[in-house]
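1. I need the structure of the sequence given here:
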Amino acid sequence: MEAQCPHLGADISHAEIEECESSLVLVCPWHRYDFDLKTGHSETGLKACTYAVDVRRSESEASEDDVWVEMPEGSTNWRLVELRPVSEEFADPPPPPLDLSHLSLSSVSETRADLPPEPVVPPENPPKTLIEWAVLILNTSDPTLKVQRTRHAVNAYRIGEIKSIGHRAANAPAPPDEPPRDEAIARNTIDPRKMGRRKNRAVMLHALANIEQWAIDLAWDIIARFGPANPNLPPAFFSDFTKMALDESKHFTLLTSRLASMSPPTPYGSLPVHAALWESARVTFPSLRSRLAIIHLVHEARGLDVNPGTIAKFKKAGDEDSVNVLNIIHADEVTHVTAGHRWFTWICEQQGVDPVQTFREEVRRGWTGDVKGPFNVEDREKAGMTPEFYEDLRGEVAFSTVPRKETAPPGVGVSYEGLL
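-> Numbers count the residues shown, from 1 in each chain. Predicted coordinates:
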């Protein structure tokens, strides 16, 4: 069944499933509309789109079963991008309990300082809308608390506890120009051009964890910054980017957990980091179309190109635990580029412009230098990025370093090869 309720477009991926006489029905958590899981029909007169699914058992034990999904009626050339169970729980395991028995009182205090300094839901004036949650999370400097608040907000939104997106409210809160970082991370933030080459696995995983923390903020920022400025955005937009925020939180936790389990452990924040991804996003503040093009269809698509090579390095080193983490991240990133492509083409349709030519113009005006290959053609195509989007593509902006915490001049982009 489609993942949006046909009533108001709310996300129903976490809906309740109930038995009803001889059938199973899905009950939308927002307004309790029910839909027959097989036919999609509702007693309200609405109908959700359903698609036949067939699991064909493999004859070979070494091969995985094939999953066949019916295409929408009258369409061709569809690709399956993601396959996941209904109501998939958050994938991060809970942190192990702290063993403090061997520590003195002073060292216990230092250990507790690493825990989130605030409750997940603020006791005073807690957020009531999705936009308010987005701004709170953007202003959360502690990375563990940022992940926990993301998990809480996305789940509350999916099950209908957050009743309003809030993007049409006259007094919607504004996102920060730059999300704060806790003191330890801020002290270790340096100019990206001064970063050394990633010569070992711990340094590479730490760099990826840093990118994922900024990616959490970018997912919430597109909601908070562009939602109120675009009141015609449908609920499905917010469902896509809350899922993205949850994915990036999962990625950050998987990477930091892997760093902590290595010998010796490498705590997140113990190595230098940079804010280059956010600086590249600054130039897109005035335009949702530009944000989708530069961040989601250039930066994230570039991640699809370089991730297989990164995974191969860890596989060569025999680090299967890291390989498993990176494979999860890569599969999710295909869906993120898919979401970027979906909403970029939606905006182009609303504005009556050609998406391919408009994308190329956005990159020309907001990117520095060539969009370089080799390209992961197969995964880009899964996400909708066919070669006419990116072949022989070049940004015409002269290289410029944008000072942190200052607004970038219009049209100045900062690109860093291999960010994702």
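
2. excluding its backbone neighbours, what's nearest the residue nearest to the spatial centre of the chain?
-> A centroid search over the chain (CA atoms, centre = their mean) returns Met244, at 2.7 Å, as the residue closest to the centre. What sits nearest to Met244 in space, not counting adjacent residues and going by CB to CB, 6 or more residues apart in numbering, is Ala219, at 4.3 Å. C-betas here are computed from N, CA, C, even on glycine.

3. Just list what the helix or strand where that neighbour lies packs against, helices and strands only.
-> When elements are assigned from DSSP states H and E, Ala219 belongs to helix 201-226. Contact partners of helix 201-226 among helices and strands, from 3 or more CB pairs under 8 Å, 6 or more residues apart in numbering; DSSP states H and E: helix 130-138, helix 143-158, helix 235-261, helix 276-282, helix 288-291, helix 300-316, helix 320-351.

4. mean confidence score for it?
-> Confidence for helix 201-226, expressed as mean pLDDT, is 95.

5. Stretch 269-278 too?
-> Regarding stretch 269-278, the rounded mean pLDDT is 87.

6. in that stretch, what counts as buried?
-> For stretch 269-278, burial by neighbour count (16 or more other CB atoms under 10 Å) applies to 269, 271-278.

7. Now render those residues as CSV, adding distance to Val356.
-> Output for those, formatted as CSV (distance: CB to CB, whole Å):
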residue, distance to Val356
Gly269, 41
Leu271, 40
Pro272, 39
Val273, 35
His274, 32
Ala275, 31
Ala276, 27
Leu277, 25
Trp278, 28
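
8. Closest one of those residues to Ile165?
-> Trp278 (24.0 Å; CB to CB).

9. residues contacting the closest one?
-> The neighbours of Trp278, taking CB atoms under 8 Å, 6 or more residues apart in numbering as the test, are 178-179, 214, 217-218.

10. circling back to that earlier point, out of the helices and strands packed on helix 201-226, which one sits most buried?
-> helix 130-138 (a mean of 25; mean count of other CB atoms under 10 Å).

11. tell me the angle of that one relative to helix 201-226?
-> Comparing the axes of helix 130-138 and helix 201-226 via axes from the mean of the first three to the mean of the last three CA atoms, to 10 degrees yields an angle of 150 degrees.

12. quick one: contacts of helix 130-138?
-> 122, 127, 146, 149-150, 153, 156-157, 162, 164-167, 169, 172-176, 179, 216-217, 220-221, 223-224, 227-228, 238, 242, 245.

13. filter these to the buried ones?
-> By neighbour count, with 16+ other CB under 10 Å, the contacts of helix 130-138 hold 127, 146, 149-150, 153, 156-157, 162, 165-167, 169, 172-173, 175, 179, 216-217, 220-221, 223-224, 227-228, 238, 242, 245 as buried.

14. sorry, back to before: so the residue nearest to Met244 versus Leu259, what's the distance?
-> Distance check for Ala219 against Leu259: by CB to CB, to the nearest Å, it reads 22 Å.

15. Repeat that for Arg149.
-> 22 Å.

16. List the contacts of the residue lying closest to Ser322 once chain neighbours are set aside.
-> With CB to CB, 6+ apart as the criterion, Ser322 has its nearest non-adjacent residue at 4.5 Å, and that residue is Phe314. With contacts defined as CB under 8 Å, 6+ apart, the neighbours of Phe314 are 201, 322-323, 326.

17. Would you mind giving the residues you listed as JSON lines with distance to Thr338 added?
-> Putting the contacts of Phe314 into JSON lines (distance: CB to CB, whole Å) gives the following:
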{"residue": "Arg201", "distance to Thr338": "29"}
{"residue": "Ser322", "distance to Thr338": "25"}
{"residue": "Val323", "distance to Thr338": "23"}
{"residue": "Leu326", "distance to Thr338": "19"}
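
18. Just give me the closest of those to Thr50.
-> Distance to Thr50, by CB to CB, is smallest for Leu326 among the contacts of Phe314, at 34.3 Å.

19. Quick check: can you list the domain ranges of this protein?
-> Per the record, the chain has its domains at 1-87, 128-396, by automatic domain parsing.

20. Out of those, name the one with the poorest average pLDDT.
-> Between these, the model is least confident about domain 1-87 (mean pLDDT), which shows a mean of 83.

21. centre of the chain versus it, how much separation?
-> 23 Å (CA atoms, centre = their mean, to the nearest Å).

22. and what of stretch 269-287?
-> The chain centroid and the centroid of stretch 269-287 are separated by 15 Å, computed with CA atoms, centre = their mean.

23. As PDB, could you dump the C-alpha coordinates of that stretch?
-> Coordinates of each C-alpha in stretch 269-287 appear next as PDB, following Å, rounded to 0.1, in the frame of the first residue of the first chain:
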ATOM      1  CA  GLY A 269      34.900  14.500  18.800                       C
ATOM      2  CA  SER A 270      38.500  13.300  19.700                       C
ATOM      3  CA  LEU A 271      39.700  14.000  16.100                       C
ATOM      4  CA  PRO A 272      39.400  17.200  14.100                       C
ATOM      5  CA  VAL A 273      36.200  17.900  12.200                       C
ATOM      6  CA  HIS A 274      34.900  20.500   9.700                       C
ATOM      7  CA  ALA A 275      31.700  22.300   8.800                       C
ATOM      8  CA  ALA A 276      32.200  22.300   5.100                       C
ATOM      9  CA  LEU A 277      28.800  20.700   4.300                       C
ATOM     10  CA  TRP A 278      26.900  23.400   6.200                       C
ATOM     11  CA  GLU A 279      28.900  26.100   4.500                       C
ATOM     12  CA  SER A 280      27.900  24.600   1.100                       C
ATOM     13  CA  ALA A 281      24.300  24.600   2.300                       C
ATOM     14  CA  ARG A 282      24.400  28.300   3.300                       C
ATOM     15  CA  VAL A 283      24.300  29.400  -0.300                       C
ATOM     16  CA  THR A 284      21.000  27.700  -0.700                       C
ATOM     17  CA  PHE A 285      19.200  29.600   2.200                       C
ATOM     18  CA  PRO A 286      17.100  31.700  -0.200                       C
ATOM     19  CA  SER A 287      15.800  28.900  -2.400                       C
END
